[in-house]
Structures are given as C-alpha cells and as structure tokens.
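**Q** sequence plus the predicted model coming up.
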Amino acid sequence: MLDEKLHDIYDEVLRRDAGETEFHQAVYEILSSLGPVVAKHPQYADAAVIRRMCEPERQIIFRVPWADDAGVVQINRGFRVEFNSALGPYKGGLRFHPSVYLGIIKFLGFEQTFKNALTGMPIGGGKGGSDFDPKGRSDAEIMRFCQSFMTELYRHIGEYTDVPAGDIGVGGRELGYLFGQYKRITNRYESGTFTGKGVTWGGSQVRTEATGYGTAFFIDEVLKAANQSFDGKQVVVSGSGNVAIYGIEKIHQLGGNVIACGDSSGYIVDHKGIDLELLKDVKEVRRERISAYAESRGGESHFVGGGSVWEVPCDIAVPSATQNELNGSDAARLIKGGCRIVAEGANMPCTPDAVKLFAEAGVVFAPGKAANAGGVATSALEMQQNASRDSWTFEDTEQRLAEIMRRIHDRCLATADEYGKPGDYVAGANIAGFTQVADAMLALGLI
Ligand code: NDP
C-alpha cells in the first residue's frame with residue numbers, strides 16, 4: 001500500500017500515461033519503497049522530485065522504413081526515451097522485439113535511472129528500441145534495418161548526450177551495423193557514443209559477459225552474507241540469450257550447477273549441468289531454437305515444448321529472459337520445490353504477486369536493478385576506457401566488475417538497514433538509487 005502523497009503521484013501516472021501497464025508497474029514498485037524516505041526527508045515531496053522523475057526528460061518516436069530481401073517496403077516504429085540526466089548522459093540499451101511500444105521503453109528507462117545510480121558511476125537513464133522482429137531475418141535485412149534506424153537516431157545521441165547499448169534482440173552484430181552507420185553519417189569515430197562494441201573496434205573486455213557474470217557475482221555475495229556458497233546448489237536460469245548464457249558460465253565457475261534454461265519455445269533440462277559450449281553453438285552461432293540443444297545432447301537432456309522453466313525444482317532461480325515471465329503460480333511452485341534465492345538477471349521478470357509470495361515465504365529476492373547492474377556498470381567502464389583511449393585486460397576488467405557488484409550488494413543491505421528494512425534488497429536498491437538521483441536533482445535546481 002502506498003501512503004497518500006505517493007498514491008496521488010501514482011494516480012497521476014495512471015491518468016497521464018494511460019495504457020502503459022509495464023511503466024505503471026515499474027513506478028508502483030519504486031513508490032512502494034519510498035514511504036519511509038518521504039517521511040524522513042520532506043524536501044523530496046516539497047520540490048516535487050518524485051513527480052518530476054516519473055516524467056521523462058524527452059521522448060523520441062520515429063518512423064523506420066526499410067526494404068526486405070524481396071524488395072517489399074516494411075515500416076517499423078523507433079523509440080528513444082531520455083529519462084533522466086541528473087547524474088550523467090542518458091545511458092541504456094536498445095531493444096528490438098515485436099512487443100516493444102512506448103510503455104515498455106518507459107518502464108525500462110525508468111528502471112535504468114535507478115539502476116545506473118546504484119552502480120555509483122556517472123550515468124543517467126534512458127532506453128530505446130523498436131517493434132522490429134529480428135527473428136528469421138537475413139543479415140542483410142538486419143543491416144538495412146539498423147542503418148535506417150540510425151539514420152534518425154544519430155541526431156539525438158553522443159558521448160556527452162545519450163549513449164545506447166544492446167538489449168533483447170540487439171547484440172554485437174546489430175551494434176556493429178548501428179555504429180557503422182553513425183560513424184558514416186557523422187564522419188566521426190566517436191567510440192564513446194555506444195557501449196557493447198566489439199573488442200577490436202573500441203569495445204571493452206567483459207562487456208559481453210558482464211550482465212550474466214555480474215548477476216552471478218551478486219548471488220555469490222547474497223550467499224556469502226548467509227555464510228553459504230554456490231557449492232552443491234542446483235540453479236535454473238530462464239532464457240538462453242546474452243544474460244542467461246554468461247550467467248550460466250559464471251555460476252558454473254563459482255561452483256553452482258545450472259540444470260535448466262529455455263527460450264520462448266520451451267525449455268531444456270540437463271541434470272548433469274548445461275553444456276555451455278553446446279548452448280553457445282546452438283544460440284550464438286547457429287541461432288537455433290532451444291530444442292536443438294536437447295537434440296544434439298542425445299539422451300542427457302530433454303526438451304519441454306511450450307512449458308515454463310519454473311516447473312523445474314531448484315535452490316536458486318535466475319529469471320533472465322523478459323519482463324513478467326515469472327508469475328504468482330510459478331513462484332508458488334518454486335517455493336514448494338525448495339527454492340531459497342531468486343535473482344533477477346532480466347528487467348522486472350517477476351510479477352508483483354510473485355515478489356510478494358517470495359517475501360512471505362522468506363525467499364531472498366534480489367531485484368534486477370541491483371542484480372543485473374553489472375552490464376551497465378561495465379558499459380560505464382567501456383566509456384572510461386574510450387575517454388582515456390585505453391583498454392584494460394579481461395582479468396582487470398572482470399575484477400572491477402566483481403568489486404562493483406560487491407559494493408552494490410553492500411549498499412543495498414546498508415540502505416535497507418538504515419530505513420528499518422534489514423535484509424530487504426528491494427527496499428535497499430530502490431531507496432539507494434532514488435536518493436542519489438533525487439539529491440542531484442535538488443542540487444541542479446528546477447530541472
Ligand atoms: P537476448 O535477446 O540476448 O535474449 C533474450 C532471451 O530471452 C532469449 O533466449 C529469448 O528467447 C528469451 N525470451 C524472450 N521472451 C521470452 C518469453 N516470453 N518467454 C521465454 N523466453 C523468452 O536478450 P538479453 O539476454 O540481452 O536480455 C534479457 C533480459 O535481460 C532483458 O530483460 C533485458 O532487458 C535484461 N538486461 C540485459 C542486459 C544486457 O546487457 N544485455 C543488461 C541488463 C538487463 P527467444 O529467442 O525465443 O525470443
């Protein structure tokens with residue numbers, strides 16, 4: 001329940017941003033942690049800081065025309081929502097997925113603002129993308145789409161303005177085409193305008209792995225805080241994209257055993273532990289459906305078409321696919337199966353009723369804005385390297401990432417303690433992120 005002042009803010013969002021359900025959910029989630037903060041610091045309410053935070057600084061929507069391989073003209077819609085630049089240039093990825101509309105980009109940009117603050121790095125929050133569906137498209141079609149998308153977006157971005165990266169449907173290949181077109185239009189090799197670049201053309205070591213690795217490091221900190229370790233733990237990860245693959249890799253290295261993962265067609269179970277080389281081959285090289293993993297693995301693994309990966313009992317669940325993929329009944333099943341820790345590799349993958357059930361059952365719940373912040377933190381490290389025209393080794397960069405995740409973890413717990421919510425990672429992450437952005441906004445005047 002929200003207190004009265006916060007409820008008024010939420011009502012205003014519902015009224016002004018009608019139909020943007022994911023955005024409403026993300027706003028409600030933050031507001032539900034802020035009761036003790038506004039009670040302690042009335043200046044935030046007096047200066048309407050929270051209301052201002054709910055309104056993006058700028059929203060750009062544009063047409064993306066392109067021709068497919070058959071010469072047929074296709075029209076998609078492009079978005080960039082520049083949410084908050086109190087702490088630094090807007091920073092956040094681009095998502096290419098048919099479900100994309102303004103409400104999804106706004107939820108992601110809003111979340112990103114607090115996540116980025118939590119990293120302690122000088123980056124604001126933004127997000128963008130398109131309702132373009134890359135599935136089944138040829139390389140040439142992907143390139144033409146990216147070039148058309150960037151032909152509009154280039155005028156809104158820059159290393160001191162707005163710095164995009166990847167997200168669902170946007171990986172190394174797409175970033176290459178986007179950066180190539182940006183460079184061509186501007187006639188500038190402005191590496192710092194993008195992150196997630198290839199390591200041979202301005203990218204950082206560990207950026208590809210960073211979100212998944214960071215989530216695994218975060219879980220490791222959660223385990224350490226409870227005097228435990230990954231040893232002997234059975235883990236289930238949803239998705240089999242960038243976050244999932246590198247999450248699985250690091251969890252294995254830290255001693256956990258990931259026994260299931262999936263995609264939108266279903267999931268595979270492999271009790272001996274996922275064969276990562278095979279998974280990478282299926283997903284990153286052959287770009288096939290997850291059933292191809294079970295087919296190539298012979299009798300060691302089976303595929304469940306159309307099912308939810310949360311049917312598989314585990315000690316630790318790491319939802320790493322998409323928003324609202326783990327609902328109340330999934331949560332109840334996980335709790336019954338003995339799950340004790342849930343860490344969000346994806347953005348907002350757990351529905352509010354799932355989060356509530358976890359809290360009631362005493363399951364430790366690490367929200368995405370803390371657990372998956374390693375991706376954007378490493379993007380900020382990439383910006384640092386670009387600005388100093390330097391490049392660091394894999395080991396050095398990974399060590400910095402592990403240290404950042406440890407700091408985020410400790411900051412969540414310390415903030416939760418300070419506001420009377422010991423052990424509550426949601427309250428800790430929301431309040432720590434919020435106060436940092438709010439204090440900067442107060443200092444900068446009425447912005
Ligand atoms: P990818 O596109 O690389 O992978 C997404 C994966 O999720 C795919 O396996 C996809 O399967 C699966 N998936 C998508 N929708 C569903 C669904 N409805 N049910 C089951 N599986 C589904 O994206 P990323 O790994 O980059 O991103 C995953 C999540 O992590 C997103 O929420 C993103 O915002 C978040 N994130 C990503 C960061 C990054 O650095 N990449 C940083 C921080 C957060 P299919 O191929 O069948 O669609």
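**A** Everything's here; your move. Residues are numbered from 1 along each chain as shown.
**Q** which residues touch the one helix or strand Leu334 maps to?
**A** For Leu334, the host element (DSSP states H and E) is helix 328-336. Contacts of helix 328-336 with the rest of the structure, by Cβ atoms under 8 Å, 6 or more residues apart in numbering, involve 308, 310-311, 313-314, 317, 326, 342, 350-351, 353-358, 361, 363. Any C-beta I mention is one placed from the backbone N, CA and C, and that applies to glycine too.
**Q** can you tell me which of these are in strands?
**A** Counted as lying in strands by DSSP state E, out of these, are 317, 342.
**Q** going by neighbour count, which of the contacts of helix 328-336 are buried?
**A** Those of these that meet the buried threshold are 308, 310, 313-314, 317, 326, 342, 350-351, 354-355, 357-358, 363, by 16 or more other Cβ atoms under 10 Å.
**Q** flag every residue of the stretch 201-350 of the chain that's near the ligand.
**A** Where proximity means Cβ under 6 Å from any ligand atom, the interface of the stretch 201-350 of the chain facing the ligand comprises 211, 239-244, 262-265, 320-322, 325, 345-347.
**Q** now with 8 Å?
**A** Proximity of the stretch 201-350 of the chain to the ligand (Cβ under 8 Å from any ligand atom) is limited to residues 207, 210-212, 238-245, 262-265, 283, 289-290, 309, 320-323, 325, 345-349.
**Q** just the buried ones from those residues, in PyMOL syntax?
**A** Burial among these is assessed by 16+ other Cβ under 10 Å; the matching PyMOL selection reads:
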select buried, resi 207+210+211+212+238+239+240+241+242+243+244+245+262+263+283+289+290+309+320+321+322+323+325+345+346+347+348+349
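**Q** give me the subset of the residues of the stretch 201-350 of the chain next to the ligand lying in strands.
**A** Among those, the ones falling in strands (DSSP E) are 262-263.
**Q** helix or strand right after the host helix or strand of Leu413?
**A** According to DSSP H and E, Leu413 maps onto helix 394-418. Once the chain leaves helix 394-418, the next helix or strand it forms, by DSSP H and E, is helix 425-443.
**Q** in that following helix, what's buried?
**A** So helix 425-443, judged by 16+ other Cβ under 10 Å, has buried residues 425-442.
**Q** pLDDT of it, averaged?
**A** The average of the pLDDT scores along helix 425-443 is 98.
**Q** residues in contact with that helix: which ones?
**A** 29-30, 33-34, 36-37, 41, 43-44, 47, 49-50, 52-53, 84, 86-87, 113-115, 117-118, 222, 355, 364-367, 369-370, 408, 411-416, 419, 421, 447.
**Q** span of stretch 87-102 from start to end?
**A** One end of stretch 87-102 sits 23 Å from the other (Cα to Cα, to the nearest Å).
**Q** starting at the chain centroid, how far to that stretch?
**A** Centroid displacement of stretch 87-102 relative to its chain, using Cα atoms, centre = their mean, to the nearest Å, is 10 Å.
**Q** circling back to that earlier point, pull the helix holding Leu334 out as PDB, backbone CA atoms only.
**A** Output of helix 328-336 as PDB, limited to C-alpha atoms (Å, rounded to 0.1, in the frame of the first residue of the first chain):
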ATOM      1  CA  GLY A 328       2.500 -16.000  -8.800                       C
ATOM      2  CA  SER A 329       1.800 -19.600  -9.700                       C
ATOM      3  CA  ASP A 330       5.400 -20.000 -10.900                       C
ATOM      4  CA  ALA A 331       6.600 -18.500  -7.600                       C
ATOM      5  CA  ALA A 332       4.400 -20.800  -5.500                       C
ATOM      6  CA  ARG A 333       5.800 -23.800  -7.400                       C
ATOM      7  CA  LEU A 334       9.400 -22.700  -6.900                       C
ATOM      8  CA  ILE A 335       8.800 -22.200  -3.200                       C
ATOM      9  CA  LYS A 336       7.300 -25.600  -2.900                       C
END
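**Q** after the helix or strand hosting Gln112, next one along is what?
**A** Taking DSSP H and E as the definition, one finds Gln112 inside helix 102-118. Following helix 102-118 in sequence order, the next helix or strand is strand 125-130 (DSSP H and E).
**Q** is that following strand positioned near the ligand?
**A** No. Strand 125-130 does not reach the ligand (Cβ under 8 Å from any ligand atom); its nearest approach is 8.6 Å.
**Q** per-residue pLDDT of the closest residue to Glu398 other than its chain neighbours, please?
**A** Sequence neighbours aside, Val206 is the residue nearest to Glu398 in space, at 5.1 Å (criterion: Cβ to Cβ, 6 or more residues apart in numbering). Per-residue confidence (pLDDT) for Val206: 98.
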